[in-house]
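Asker: Predicted structure and sequence below. I'll ask about it afterward.
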Amino acid sequence: MTQTNTFLPQEPLVTSGAINIVTSSLEEADGNTYFAEAVKNEKRGDLNDALTLFGKAAFEYNSSKLFVRYGEALLRLGNVHFLMNHYGEAEQVILNVALKNYSRIGSKTGQMESYYQLGRIYFAANKLTQSLWFYTQQGILAKQINNSHAYIESVLGIAQVKIKKKEYALALRDINRAELLAKSSNTTQFKNKIKEVRSLIPSKLTVKKS
């Protein structure tokens, strides 16, 4: 697929004056329209169009100083790049724009979600040291804000990195821990993911260590 360069402002735009209140409302409405259309295109598999529309939504949200929504659009934009195997572009959007935005507005949830995406991006790009670091940071923030779902995600992400590094015994401990955490949280949504990650470990080691 042809990689699409999407313009993104690096810093929030600064505006002043009463007239900007009306302008801001129009920009927010445009942003919402672009975002909704981008979601539809992503679901249909029209990723190039989704990429363009998420970029436009991000621009409008940033212009109207809706920095939480701006961050959401950036995360979705980065994810579409990821789906298209544009790992360099995905890294740039999340690391240099989304993460900075969330750090600036003090959103730990946004930072945590950015760390998760970066863990996935670096893992897919086979940059295991970076992937492990960002999954670990995700887990640290997940604990701080008591987000058990995100913490389990981080543990499974770390396990996948260790499997790729052939650190099977360490990975199995993480998988078992994720399973216990999921059970204690009364959630079954990680059941298939845990099974999938466990299957990556050679069966003789799984039997031995289980």
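Answerer: Nice, I can see it.

Asker: What residues sit buried inside the longest helix seen in the chain?
Answerer: The longest helix of the chain (DSSP state H) is helix 19-44. Buried positions in helix 19-44, judged by neighbour count with 16 or more other CB atoms under 10 Å: 24, 27-28, 30-31, 34-35, 37-38, 41-42. Heads up, the C-betas are built off the backbone N, CA and C, glycines and all.

Asker: quick check, nearest of those residues to S63?
Answerer: Within the buried residues of helix 19-44, proximity to S63 (CB to CB) peaks at E27, which comes in at 4.7 Å.

Asker: residues touching that closest one, list them.
Answerer: By CB atoms under 8 Å, 6 or more residues apart in numbering, the contact list for E27 reads 60-61, 63-64.

Asker: let's see it at 7 Å
Answerer: Residues in contact with E27 (CB atoms under 7 Å, 6 or more residues apart in numbering) are 60, 63-64.

Asker: G71 now?
Answerer: If a contact means CB under 7 Å, 6+ apart, then G71 has 98, 101-102, 107, 110 as its contacts.

Asker: Could you dump those residues into JSON lines and include secondary structure and distance to L77?
Answerer: Below are these laid out as JSON lines (DSSP: H, G, I helix; E, B strand; the rest coil; distance: CB to CB, whole Å):
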{"residue": "A98", "secondary structure": "helix", "distance to L77": "8"}
{"residue": "N101", "secondary structure": "helix", "distance to L77": "12"}
{"residue": "Y102", "secondary structure": "helix", "distance to L77": "14"}
{"residue": "S107", "secondary structure": "coil", "distance to L77": "17"}
{"residue": "G110", "secondary structure": "helix", "distance to L77": "14"}
